[in-house]
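Undergrad: 3D, please:
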Amino acid sequence: MRGLEGIPVTVEADVANGLPHVAIVGMTDRAIQEARERVRAAVRNSGFDFPQRRVTVNLAPAEVPKEGTGFDLAIALAVLRAAGRRLSTRGVAFLGELSLDGRLRPIAGVLPMARCLVAHGVKRLVVAAGNAAEAALVDGLAVYGVEDLHSLVDHLEGEAQLQVAVRSSLPANQGDSGVDLADVRGQAQAKRCLEIAAAGGHNVLMTGPPGSGKTMLAQAFGSLLPDLRWDDALEVAAVYSLRGAFSERADVPLRPPFRAPHHTVSRAGLVGGGSGLAMPGEISLAHRGVLFLDELYEFPRGHLEALRQPLEERAVTVVRARGAVRYPSNFVLLAAANPCPCGHLGDSTGCRCSPRQLAEYATRLSGPIKDRIDVVVSVPRVADRELFDAPAEAPGGEVRARVDAARARQHARASQLNARLSGKAALASCRLAPSTRRILGRSGERLRLSARAYFRVLRVARTIADLAGDDRVGDGAIEEALRYRSEAAT
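TA: You can find the predicted model right below:
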């Protein structure tokens, strides 16, 4: 695998006269070299004879680096066939790690591998029984889950028949069992901003003192997002499969992912990395969903600067010594932060920070990152009367219905969310009147907006108009979008 793209590998074996020896060639890593001992023991313990001659195994194409234990099964079958067993392997792909007693162990990354094999014309795939349900998610592929090498050889020689794995049925709509937006008391302005963000896919920063409800609002945000389409859900599951975390998505595959890494996460853990070929990070695991960064200012500045490219391009390219890989990272950034180190700036409790501490705290978030945040909203301390005496809030289902309606308008108009529109498309879709354009121009000069910020204001205003059911962006939508931008400027 190279990111979510893959290269099929053909395993060849040759048995020749000479002293007993197994050589595996084809630019392999240590795990594949150790397959010599695993395969030899698995073949013998499965009741077959391992050739006591010189065995050469080639993994083609030879110039492509290969790693992992998933080649064990194919190597064992190639050796058995070269030794004279009549195995019907034509048109079949094999993935699996062998234990010493011949049982098959599941491997990571089977789902994206299966998708790539289908794209290359493969119709049948044999995997470990533990990977069968995962591989069966791919359409157009007959998947066989195998417990051990002996039963597979019987199948390939026609003495037994393995059953094709069947994809389990999935519900069309799966609700959230987490926090509902109505569970959060007060904070009407923050709820409005989350509704806009969910409708248009905009990035949001919530600032406020500790205990004001920022984290709870973030947890409720996921319930406002609609279910993923099947193709999108499969793409998300493929990223998790590569990371070896497929089980985290198996129960609710149609819900958008919600990732909330701690601020002590490493840079490789956030954007992707590791030894050898880079693995996907948290921003890729949040693909098609939400990346929640709580205590934003506590993240190292270098980590936040690494988000610049993914926030613009909706993908991340990670370069390592063994090659460059590109992972999707189309997510909504939802962040929360205290207004100052002590957390009480502008609060009735009173701030205890020195001017130097405030200045240093403000520099932790650079201008380019602030410029990529569409909506900034203050989340103040909730008054007692709002906590205990306020009337019941509208359930999150009502907000989600408005979000669904707004998204339907966006897809009918441009086949994508407003946050993904190009600058030209955003301007054309707003259809601004001359007076509205003047309001935007004057406010932009006062707030010293960059060109990027201008178009982000337009995208947010377009979403506000969609929520209201308006075809044209009016003065009210522009003014509301500018208010959220002015919060960012301050």
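Undergrad: find the nearest non-adjacent residue to residue 155, please.
TA: Take residue 155 and drop its neighbours on the chain: the residue closest to it by CB to CB, 6 or more residues apart in numbering is residue 162, 4.7 Å away. Quick note: C-beta positions are derived from backbone N, CA and C, even for glycine.
Undergrad: with residue 151 instead?
TA: Residue 151's closest residue in space is residue 160 (CB to CB, 6+ apart), at 6.5 Å.
Undergrad: now name the helix or strand holding residue 318.
TA: According to DSSP states H and E, residue 318 maps onto strand 315-320.
Undergrad: got the buried residues for whatever helix or strand comes next after that strand?
TA: Later in the chain than strand 315-320, the nearest helix or strand by DSSP H and E is strand 323-328. By 16 or more other CB atoms under 10 Å, the buried positions in strand 323-328 come out as 325-328.
Undergrad: per-domain residue ranges of the protein.
TA: 10-156, 181-394, 421-490 (automatic domain parsing).
Undergrad: what's the first-to-last distance across the first one?
TA: Right, domain 10-156. 18 Å (CA to CA, to the nearest Å).
Undergrad: quickly find the element holding residue 407.
TA: helix 396-414.
Undergrad: CA atoms only: put the helix or strand that comes right after that helix into PDB for me.
TA: Next helix or strand after helix 396-414 toward the C-terminus (DSSP H and E): helix 423-430. In PDB, the C-alpha atoms belonging to helix 423-430 read as follows (Å, rounded to 0.1, in the frame of the first residue of the first chain):
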ATOM      1  CA  GLY A 423     -13.400  31.600  -4.500                       C
ATOM      2  CA  LYS A 424     -15.000  32.100  -7.900                       C
ATOM      3  CA  ALA A 425     -17.800  29.700  -7.200                       C
ATOM      4  CA  ALA A 426     -18.500  31.200  -3.800                       C
ATOM      5  CA  LEU A 427     -18.800  34.700  -5.200                       C
ATOM      6  CA  ALA A 428     -21.100  33.500  -8.000                       C
ATOM      7  CA  SER A 429     -23.400  31.500  -5.600                       C
ATOM      8  CA  CYS A 430     -23.800  34.500  -3.300                       C
END
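Undergrad: what angle do helix 423-430 and helix 396-414 make?
TA: Relative orientation of helix 423-430 versus helix 396-414 (axes from the mean of the first three to the mean of the last three CA atoms, to 10 degrees): 110 degrees.
Undergrad: from the chain's centroid, how far away is helix 423-430?
TA: 28 Å (CA atoms, centre = their mean, to the nearest Å).
Undergrad: check which helices and strands it sits against.
TA: Helices and strands touching helix 423-430, by 3 or more CB pairs under 8 Å, 6 or more residues apart in numbering; DSSP states H and E, are helix 396-414, helix 451-468.
Undergrad: average pLDDT across it?
TA: Averaging pLDDT along helix 423-430 gives 93.
Undergrad: that one: which residues count as buried?
TA: Buried, per 16+ other CB under 10 Å, within helix 423-430: 425-427, 429-430.
Undergrad: circling back to that earlier point, given the strand holding residue 318, what are its sheet partners and their directions?
TA: strand 323-328 (antiparallel) (DSSP bridges).
Undergrad: just the CA atoms of the strand it pairs with, as PDB, please.
TA: Extracted C-alpha coordinates of strand 323-328, given in PDB (Å, rounded to 0.1, in the frame of the first residue of the first chain):
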ATOM      1  CA  GLY A 323       8.600   7.100   0.000                       C
ATOM      2  CA  ALA A 324       5.900   9.700   0.000                       C
ATOM      3  CA  VAL A 325       2.300   8.800   0.800                       C
ATOM      4  CA  ARG A 326      -0.900  10.900   0.500                       C
ATOM      5  CA  TYR A 327      -3.800  10.500   2.800                       C
ATOM      6  CA  PRO A 328      -7.200  12.200   2.700                       C
END
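Undergrad: what mean pLDDT does the strand holding residue 318 get?
TA: 88.
Undergrad: residue 380: what's it in contact with?
TA: 208-209, 212, 346-347 (CB atoms under 8 Å, 6 or more residues apart in numbering).
Undergrad: sorry, back to before: make TSV out of the domains of the chain and add distance to residue 409.
TA: Shown next, in TSV, are the domains of the chain (distance: least, CB to CB, whole Å):
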stretch	distance to residue 409
domain 10-156	30
domain 181-394	9
domain 421-490	5
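Undergrad: if we can go back for a sec, any chance of the helices and strands packed on helix 423-430 in TSV, plus mean pLDDT, mean neighbour count and distance to residue 112?
TA: Formatted as TSV, the helices and strands packed on helix 423-430 follow (pLDDT from 0 to 100; neighbours: other CB atoms under 10 Å; distance: least, CB to CB, whole Å):
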stretch	mean pLDDT	mean neighbour count	distance to residue 112
helix 396-414	93	17	27
helix 451-468	95	23	32
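Undergrad: roughly how far does residue 26 sit from residue 433?
TA: Plainly put, residue 26 is 65 Å away from residue 433 if you go by CB to CB, to the nearest Å.
Undergrad: and those two? Which one has more around it.
TA: residue 26 (20 against 14; other CB atoms under 10 Å).
Undergrad: make sure the more buried one is actually in contact with residue 71.
TA: No: with contact defined as CB atoms under 8 Å, residue 26 does not reach residue 71; the gap is 9.4 Å.
Undergrad: so what sits against both of the two?
TA: 9, 59.
Undergrad: in this structure residue 435 contacts residue 478, no?
TA: No: taking contacts as CB under 8 Å, residue 435 lies outside contact range of residue 478: 10.0 Å.
Undergrad: ok, these two, which is more surrounded?
TA: Neighbours per residue (other CB under 10 Å) separate residue 435 from residue 478, with residue 478 holding more: 26 against 10.
Undergrad: check that one and give its pLDDT.
TA: So, for residue 478, pLDDT stands at 95.
Undergrad: same question for residue 389.
TA: For residue 389, the model assigns a pLDDT of 66.
Undergrad: partner residues bridging residue 317?
TA: The partner residues for residue 317, given DSSP bridges, come to residue 326.
Undergrad: contacting residues for it?
TA: So residue 317 contacts 309, 324-326 (CB under 8 Å, 6+ apart).
Undergrad: so how far is residue 285 from residue 341?
TA: Here the criterion is CB to CB. By it, residue 341 lies 30 Å from residue 285.
Undergrad: I misspoke; the intended subject was residue 59.
TA: From residue 59 to residue 285 the distance is 30 Å (CB to CB).
Undergrad: more crowded one of these two?
TA: Per other CB under 10 Å, whichever of residue 59 and residue 285 has more neighbours is residue 285, with 25 against 21.
Undergrad: find the nearest non-adjacent residue to the more buried one, please.
TA: residue 259 (5.3 Å).
Undergrad: I appreciate the help and will end here.
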